[in-house]
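Undergrad: please work out how this folds:
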Amino acid sequence: MRRVLLVGILLLLFAFELSLASDIPKKYKRWVNDEVRYIITKEERKAFLALKTDAEREAFIRDFWKRRDPTPKTEWNEYKEEYYRRLEYVNRYFREEGKKGWLTDRGKVYIIYGPPDNIYEEGVGTPNHRIIWTYNNLNSSTFKGTYQLVFTRNNLGNYVLLTQGLPLTPEAAFANLARISFISDVTKSPVESKKIPLKKPPREVVPAAEEKLLKLLLTKGNIPNSLGFKVWLYYFPGSDGASYLPIAFSIEPKKLTLSRGGKNKLSSRLSLFGMVLSPDLKKVFHSFLIPFEVHLNKKELDSNREFILFTGFPLKPGNYTLAFGLREVSSEHSAGFRIPLLVPDFSSPTLWTSSLLLAREVVREKEPRPVVNYLYRKMIIGPLAISLDPRARFIEGKDEKFLLFYHIYGYGVDEKGKPSFTITYSISRGGKLVRLFPPADIAFDTVLQPIPIDGLGEGDYTLNVAISDNIRKHTAKRSVSFHIIK
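TA: Reported below is the predicted structural model:
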């Protein structure tokens, strides 16, 4: 009898929730049932379904994302941006027969925990094919540390999660905010009038040493450079009206305090940190803290070739100040700069280009990589992995060409919506023309142009780019330096 009564109560509750949901406009149903299904708690969902007006629902959604903002003092909500990036990613790459990507096991894990730190496969091309995802530094109610998830194919050809024990809950997603950025306290309830229980994520405080160095950067402008630290900034179009700022930085290996690691390598632990602020330093728009390790063998150390890494983040057009620092954990050596930023507006009607990149290789990857708060040995721009030396140095007799990569904006289009450009490239040295290339006619705004440099001797050169917009009859000229070394 009790069991029948319990089932009846559950059915009544379910019917009540359905009746609440039936009165909600489609876009709000889609938001609560699809968009945030894996990260909205039962209490939040119940509270949302009980709201009566669209104004209340809009306020709820604003507070829902504000509650999950890891840096609430900035305009950028890293969690929201990352969440929708994950949603778009899984729908593009994890779609399976009869299922959208977000409904698959891999999609659900990716949405909740983000991209795995390592992926490898076993038994490729066989019925025993398995994909293994490894996550480091996980934080959940049942597990902390490194965790491996195994996916295998079922009879329908879909990948199913074999590993048990890792929570796939809204609370797990909330607890792993720390994998996106360092976290501020979160105390507000998603609905002002109702206290909805949701455990706070662990507070990942900026370490005292980095905090002290940041204050020094903001008051003094620079930190004495004891690491051979150099920085290069670039600008490219982003999404949703923002620009994308790839950043390259280098370290001199011989200035590191190295300890012996595995596989006959020497290593050092470092942290990259910084903030993007208003020019008066009163408002913070973006902040980051990225711990990493450098591993070098004896040959790499003896050559003392600068160790180069890349990161990046989106930023709306405007004037800013970048406070950018590096600290070696073991030695307390550090370096830092305060740099003015003028982020271009790529929707401007004035003909111009993004930064000009001189690359050795440009590869389109199968899956785009996350960039914010990540470091790579290559520059990542969308699906492209770009190998380049930010010092633009090429070796005489070895490098026969480089690839010029850039984006054109502020141009006109024809009746079919296509642009039309005539572009002329030339190389000069000391103000004198040494090589002129025939004009090239193109009908696209993203350019990847091989530039031959064989036969050029050791020295400093300038690549000149002259762009003519054949629709609006506008012109623009850009140039970038490069160096031929022995």
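Undergrad: list the beta-bridge partners for Leu149.
TA: Trp133 (DSSP bridges).
Undergrad: could I get the pLDDT score of it?
TA: Leu149 carries a pLDDT value of 86.
Undergrad: neighbours around it, how many?
TA: Neighbours of Leu149 under the rule other CB atoms under 10 Å: 20. Every residue, glycine included, has its C-beta placed from N, CA and C.
Undergrad: go on, the one 10 residues further on?
TA: Tyr159 sits with 19 neighbouring residues when counted by other CB under 10 Å.
Undergrad: how close does it sit to Tyr461?
TA: The gap separating Tyr159 from Tyr461 is 51 Å, by CB to CB, to the nearest Å.
Undergrad: one more: Ile408?
TA: In terms of CB to CB, Ile408 sits 23 Å off from Tyr461.
Undergrad: in the protein, which segments are predicted with low confidence?
TA: Low-confidence segments of the chain, defined by pLDDT under 70: 1-22, 75, 124-125, 137-145, 175-208, 261-264.
Undergrad: excluding chain neighbours, what is closest to the residue most central in space within it?
TA: For the chain, the residue nearest the mean C-alpha position is Val371 (2.2 Å; CA atoms, centre = their mean). Distances taken as CB to CB, 6 or more residues apart in numbering place Gly312 nearest to Val371, at 4.7 Å, with adjacent residues excluded.
Undergrad: again, but for Phe310
TA: Nearest residue to Phe310 in three dimensions, chain neighbours excluded: Met379, at 4.5 Å (CB to CB, 6+ apart).
Undergrad: give me the number of residues near the one you found?
TA: Using other CB under 10 Å, Met379 is surrounded by 27 other residues.
Undergrad: bridging residues for it?
TA: Assessed by DSSP bridges, Met379 has beta-bridge partners Ile386.
Undergrad: got a list of what it touches?
TA: Met379 makes contacts with 234, 246, 248, 310, 312, 357, 385-386, 388, as judged by CB atoms under 8 Å, 6 or more residues apart in numbering.
Undergrad: do the same with Ser271
TA: Contact analysis of Ser271 by CB under 8 Å, 6+ apart lists 207, 210, 289-292, 326-327, 329.
Undergrad: the residue nearest to Val371: what secondary structure?
TA: Here Gly312 is recorded as strand under DSSP: H, G, I helix; E, B strand; the rest coil.
Undergrad: just give the nearest non-adjacent residue to Tyr38, would you?
TA: Ile111 (5.2 Å).
Undergrad: tell me the helix or strand right after whichever strand or helix holds the one you found.
TA: Counting by DSSP states H and E, the element that carries Ile111 is helix 105-113. Where DSSP H and E defines the elements, the next helix or strand beyond helix 105-113 is strand 118-122.
Undergrad: helices or strands next to that next one in the packing?
TA: Applying 3 or more CB pairs under 8 Å, 6 or more residues apart in numbering; DSSP states H and E, one finds that strand 118-122 contacts strand 130-139.
Undergrad: from the chain's centroid, how far away is the strand it packs on?
TA: What separates the centre of strand 130-139 from the centre of its chain is 19 Å, taken as CA atoms, centre = their mean, to the nearest Å.
Undergrad: buried stuff in the strand or helix carrying Phe48?
TA: Using DSSP H and E, Phe48 sits within helix 42-49. Judged by neighbour count (16 or more other CB atoms under 10 Å), helix 42-49 contains these buried residues: 43-49.
Undergrad: and if you look at stretch 128-136?
TA: In stretch 128-136, counting by 16+ other CB under 10 Å, buried: 130-133, 135.
Undergrad: turn those into a markdown table, columns for distance to Pro344.
TA: A markdown table is the format used below for those (distance: CB to CB, whole Å):
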| residue | distance to Pro344 |
| --- | --- |
| Arg130 | 46 |
| Ile131 | 40 |
| Ile132 | 42 |
| Trp133 | 38 |
| Tyr135 | 37 |
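Undergrad: tell me the strands beside the host helix or strand of His295, with direction?
TA: Using DSSP H and E, His295 maps to strand 284-296. Strand 284-296 pairs in its sheet with strand 266-277 (antiparallel), by DSSP bridges.
Undergrad: got the CA positions of the strand it pairs with in PDB?
TA: In PDB, the C-alpha atoms belonging to strand 266-277 read as follows (Å, rounded to 0.1, in the frame of the first residue of the first chain):
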ATOM      1  CA  LEU A 266      65.700  19.100 -16.100                       C
ATOM      2  CA  SER A 267      62.600  20.900 -15.000                       C
ATOM      3  CA  SER A 268      61.300  24.100 -13.400                       C
ATOM      4  CA  ARG A 269      57.900  25.000 -12.100                       C
ATOM      5  CA  LEU A 270      56.600  28.500 -13.000                       C
ATOM      6  CA  SER A 271      53.400  30.500 -13.000                       C
ATOM      7  CA  LEU A 272      52.100  33.000 -15.600                       C
ATOM      8  CA  PHE A 273      49.800  35.600 -14.100                       C
ATOM      9  CA  GLY A 274      48.200  38.900 -15.000                       C
ATOM     10  CA  MET A 275      45.300  41.200 -15.400                       C
ATOM     11  CA  VAL A 276      43.700  43.300 -18.100                       C
ATOM     12  CA  LEU A 277      42.700  46.700 -16.600                       C
END
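Undergrad: would you mark the buried spots in it?
TA: Buried residues in strand 266-277, defined by neighbour count with 16+ other CB under 10 Å: 266, 268-277.
Undergrad: ok, those residues vs Ala59, which is closest?
TA: Among the buried residues of strand 266-277, Val276 lies closest to Ala59 (CB to CB), at 28.6 Å.
Undergrad: wait, isn't that closest one in contact with Tyr320?
TA: Yes. When contacts are counted by CB atoms under 8 Å, Val276 is listed as touching Tyr320 (5.2 Å).
Undergrad: where do the contact lists of those two overlap?
TA: Contact criterion CB under 8 Å, 6+ apart; residues bridging Val276 and Tyr320 by contacting each: 285, 341.
Undergrad: backbone dihedrals for Arg153, please?
TA: Main-chain dihedrals, Arg153, degrees, to the nearest 10: phi -80, psi 140.
Undergrad: now it: how far from Trp352?
TA: Computed as CB to CB, the Arg153 to Trp352 distance reads 49 Å.
Undergrad: so which bits of the strand holding His295 are buried?
TA: 284-290, 294, 296.
Undergrad: could you do stretch 390-408 as well?
TA: So, applying 16+ other CB under 10 Å, buried residues of stretch 390-408: 390-392, 394, 402-408.
Undergrad: can I get stretch 73-90 as CSV, trimmed to CA atoms?
TA: Once non-C-alpha atoms are left out, stretch 73-90 reads as follows in CSV (Å, rounded to 0.1, in the frame of the first residue of the first chain):
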residue,chain,number,x,y,z
LYS,A,73,34.5,42.0,-10.6
THR,A,74,35.2,41.8,-14.3
GLU,A,75,32.8,42.3,-17.2
TRP,A,76,33.7,38.9,-18.7
ASN,A,77,32.0,35.8,-17.4
GLU,A,78,34.5,33.1,-18.2
TYR,A,79,32.3,30.2,-17.1
LYS,A,80,29.3,31.3,-19.3
GLU,A,81,31.6,31.8,-22.3
GLU,A,82,33.4,28.5,-21.7
TYR,A,83,30.1,26.6,-21.1
TYR,A,84,28.6,27.7,-24.4
ARG,A,85,31.9,27.0,-26.2
ARG,A,86,31.7,23.4,-24.8
LEU,A,87,28.0,23.1,-25.9
GLU,A,88,28.9,24.2,-29.4
TYR,A,89,32.0,21.9,-29.4
VAL,A,90,30.2,18.7,-28.4
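Undergrad: residues in contact with that stretch?
TA: For stretch 73-90, the external contacting residues (CB under 8 Å, 6+ apart) are 35, 39, 65-66, 68-71, 101-102, 104, 106-107, 110-111, 114, 177, 180-181, 184, 284-287, 314, 316, 367-368, 370, 372-373.
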